[in-house]
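Participant: sequence plus predicted model, see below.
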Amino acid sequence: MFLFLSFLLLLKNPSLAQSLNDDGQDVKRSHFPDGFFFGTSTSSYQVEGAYIEDGKGLNNWDVFSHIPGNIKNNDNGDIADNHYYRFLEDIELMCSLGTNAYRFSISWTRILPRGKFGQVNPRGIMFYNKLIDNLLERGLEPFVTIHHHDIPQELVDRYGGWLSPLMQEDFVYFAEICFKSFGDRIKNWITMNEPNLLVDMSYIRGWYPPAHCSPPFGNCSAGNSDIEPLIAMHNMILGHAKAVKLYREHFQLKQGGSIGIVGFTEYFEPLRDNELDRQAVSRALAFTNAWLFDAVVFGDYPAEMRLYLGSALPTFSPEETSYVKGSLDFIGMNFYTSLYAKDCIHSACISGGDRPIRGFVHTTGERDGEPIGGRCGNPRFFVVPEGMEKIVNYMKERYNNMPMFVTENGFSPPQQNDQVQALLQDTNRVNFHKSYLAALARAIRNGADVRGYFVWSLVDNRQTLERVPAIWTLLC
């Protein structure tokens, strides 16, 4: 494990941040509003471990990671960072970094080992009560994600997980238990983490469980990459909206909290300086970002998606629209990188970008052999600080400047011969966060209502998501 030394440097010693800033940008706490949250993020499967202890049931990642060949080196999250047993030490680490918030997720099967088909696990409730109470005692505001990609395996076996509308009510049942058990102390709820990324990885590429895909995206044993992601996303949005409706009607007034959802966001630049690629940028933004946020803000999917997907894109009934529209108090943005976008309607593209599910857009991090920004350990992520300001401005303009949190941002260093030494001399990470925070501060000065910035992640979680092929390495 290693820590975000960059956060320690930037937040606790602004003058040092200035001296390290090669491009002259100065990053200080005073550049951010009073009450701004500087935090770290994790997810339960990636850090907790204790995967079958104290009554916890099996989730889809427990099962998937134990199938040989699914994960690089056959790694799994059985132990991970052992956060379940070492959370008090981890809280001390948070305090040493100078942060004032911690975003974590609740393991569905630690609370409900069999979903709604079994009993609530009191030891799971006890663990999260201890975590929350100790965070508050140390002055750390808990931000709780109810669902971060892991679901009870029993729900997969019974009706196929998020491909079934039955999952909507299962999620609401789980969310209600969380509201009842922890809502007296939780002021910031996140229903789901990155449903738009989850359906991409699970049902288009087939790299996450249940590993569904079809050509040209992959050769899985089951799945339809053109249709299934649309169905799963629709069910997740409806599950989210129903949980928000429940919270607002029965808990929010008494508990005084707010509730939102987190989406995976990217910014795009035209690959070529022509109108076709500028239109491709608009489609890429819609199919990546607005797929989720248009639905929960406006009550319908983006017009660009309707145009190119037609009847394959599900519709919301009038009743559903009434509770889907406006079903969030804040926007959560996970942002890492910008990419180039190329039109695939009037131009030849490699297989995949020429499909409706991609909006007939090919995205890439290189133009004429030159990367869009500095390289990271993840080959699809590049260091493009100005993208932070641009994505925040895009969200501000498209969604009437709703309150926003940058719920994830982080740097994965390229592999080096002496990786340990590279991490100890972690200037690249320092400069990454300094430059992205400077870009975020500019957007805030220009009126964007951004209320927090969370580093991904508190501790190393590389092993748990290095899916074969090892391209989606969420390494802090």
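Facilitator: Happy to help now that I have it.
Participant: quick one: low-confidence parts of the protein?
Facilitator: Within the chain, the stretches with pLDDT under 70 are 1-25, 417-419, 421-423, 462-476.
Participant: helices of the stretch 301-450 of the chain, start to end?
Facilitator: In the stretch 301-450 of the chain, the segments counted as helices under DSSP state H, counting those that start in this stretch are 303-309, 318-324, 386-398, 419-424, 427-445.
Participant: Asn193 is nearest to which of these?
Facilitator: helix 386-398 (16.9 Å; Cβ to Cβ). C-beta here means a position set from N, CA and C on the backbone, and glycine is covered the same way.
Participant: that older thread, okay, the helices of the stretch 301-450 of the chain in TSV with distance to Asp81 and mean neighbour count next?
Facilitator: TSV is the format used below for the helices of the stretch 301-450 of the chain (distance: least, Cβ to Cβ, whole Å; neighbours: other Cβ atoms under 10 Å):
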stretch	distance to Asp81	mean neighbour count
helix 303-309	38	17
helix 318-324	36	15
helix 386-398	27	20
helix 419-424	15	12
helix 427-445	18	21
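Participant: output those as JSON lines; include the columns distance to Arg110.
Facilitator: Putting the helices of the stretch 301-450 of the chain into JSON lines (distance: least, Cβ to Cβ, whole Å) gives the following:
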{"stretch": "helix 303-309", "distance to Arg110": "35"}
{"stretch": "helix 318-324", "distance to Arg110": "28"}
{"stretch": "helix 386-398", "distance to Arg110": "33"}
{"stretch": "helix 419-424", "distance to Arg110": "30"}
{"stretch": "helix 427-445", "distance to Arg110": "31"}
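Participant: can you tell which of the ones you listed is closest to Leu136?
Facilitator: helix 427-445 (25.8 Å).
Participant: can you tell me the helix or strand for the closest residue to Arg355 other than its chain neighbours?
Facilitator: For Arg355, ignoring the flanking residues on the chain, the nearest one in space by Cβ to Cβ, 6 or more residues apart in numbering is Asp226 at 6.6 Å. Using DSSP states H and E, Asp226 is not contained in any helix or strand.
Participant: quick one: residues contacting Asp226.
Facilitator: If you count contacts by Cβ atoms under 8 Å, 6 or more residues apart in numbering, Asp226 has them with 214, 312, 355-357.
Participant: how much space separates it from Lys342?
Facilitator: Distance of Asp226 to Lys342, computed by Cβ to Cβ, to the nearest Å: 20 Å.
Participant: how about the contacts made by Trp162?
Facilitator: By Cβ under 8 Å, 6+ apart, Trp162 lies in contact with 151, 198-199, 202, 232, 235-236.
Participant: one more time with 6 Å
Facilitator: Residues in contact with Trp162 (Cβ atoms under 6 Å, 6 or more residues apart in numbering) are 232, 235-236.
Participant: all strands for the protein, in order.
Facilitator: Assigned strands in the chain, in chain order: 37-41, 101-105, 113-116, 141-147, 188-193, 258-270, 330-343, 361-364, 366-367, 370-371, 374-375, 382-383, 404-409, 450-456 (criterion: DSSP state E).
Participant: adding distance to Tyr301 and mean neighbour count, write those strands out as CSV.
Facilitator: Listed next are the strands of the chain as CSV, based on distance: least, Cβ to Cβ, whole Å; neighbours: other Cβ under 10 Å:
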stretch, distance to Tyr301, mean neighbour count
strand 37-41, 27, 24
strand 101-105, 26, 26
strand 113-116, 28, 19
strand 141-147, 21, 24
strand 188-193, 17, 26
strand 258-270, 13, 24
strand 330-343, 17, 24
strand 361-364, 16, 22
strand 366-367, 30, 13
strand 370-371, 32, 12
strand 374-375, 34, 16
strand 382-383, 28, 20
strand 404-409, 21, 25
strand 450-456, 25, 24
